[in-house]
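Asks: model this:
(one chain, ligands or ions: 1)
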Amino acid sequence: MAGAVTTPTTTTTTTTTNNLASCGFNAVATSTSQPITSPNYPNDYPNNVDCTWTITASDGMRVQLNLIILVTERNYDYLTISSDGSQLVRLSGSHSNKIYRSTGSTLTLAFTSDGSVSRSGFNATFVEYQHVATTTTAALTCGFNAVATSTSQLITSPNYPNNYPNNANCTWTITASDGMRIQLNLHRFKTERNYDYLTVRD
Ligand SMILES: [Ca+2]
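Replies: As a prediction, the model looks like this:
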């Protein structure tokens, strides 16, 4: 790669990838998702990079990073995510669909590669979010009891396709007629990972 100078091309990403040694940017998280990727993504990142991105949220807000995918040379090339001076996670190898949130107003990403072997790197977005302290608000109870028939019936979370409310606790009990069983087809499913659950029990 020594000395290869090419005309910068216009891309849809905001990442400038012409410098091999250092990269990254400072940005303010807003309510609109913004992209953040390793240099050259989705092509292989260069060797010997040391990139730092510092993402800041406005007063009272925090930063959420949605890591769509990360593929690096395991144990040699790392993405380190920190918040307000404390490391949250250090990733290498293959990871996908992870969410990381700042503990204060700042989230810092550092991406480093060693001198040989590179992969596609990472593709993520960042957005601000409002941290809501755990409070005891009235829980929403919902759900229904129904009998399964030969005709499909629809079950959705409250407000679907809009976001479901916080503190919801819904139970649906579906019964089949004698000698019959019930088939549940899950068409779409999207929740806050590790915090909001759908449990199916027999
Ligand atoms: Ca490497």
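Asks: can you list the buried residues in stretch 57-75?
Replies: 57, 61-67, 69-73 (16 or more other Cβ atoms under 10 Å). (C-beta placed from N, C-alpha, C; glycine too.)
Asks: closest to the ion among those?
Replies: Distance to the ion, by Cβ to the ion, is smallest for Glu73 among the buried residues of stretch 57-75, at 3.9 Å.
Asks: wait, that closest one sits on Leu79?
Replies: No: with contact defined as Cβ atoms under 8 Å, Glu73 and Leu79 do not form a contacting pair (11.8 Å).
Asks: the helix or strand of the chain with the lowest mean pLDDT - contacts with which helices or strands?
Replies: Least confident helix or strand of the chain, by mean pLDDT, DSSP states H and E, is strand 140-142 with a mean of 71. Packing contacts for strand 140-142, counted by 3 or more Cβ pairs under 8 Å, 6 or more residues apart in numbering; DSSP states H and E, involve strand 168-170.
Asks: so what does the strand it packs on touch, helix or strand wise?
Replies: Here strand 168-170 touches strand 140-142, going by 3+ Cβ pairs under 8 Å, 6+ apart.
Asks: mind listing the strands the strand it packs on pairs with, and their directions?
Replies: strand 168-170 (parallel) (DSSP bridges).
Asks: only the buried residues of the partner strand, if you could.
Replies: Buried residues in strand 168-170, counted by 16+ other Cβ under 10 Å: none are found.
Asks: residues touching the least confident helix or strand of the chain, excluding its own?
Replies: Pro158, Pro165, Asn167, Ala168, Asn169, Cys170, Thr171 (Cβ atoms under 8 Å, 6 or more residues apart in numbering).
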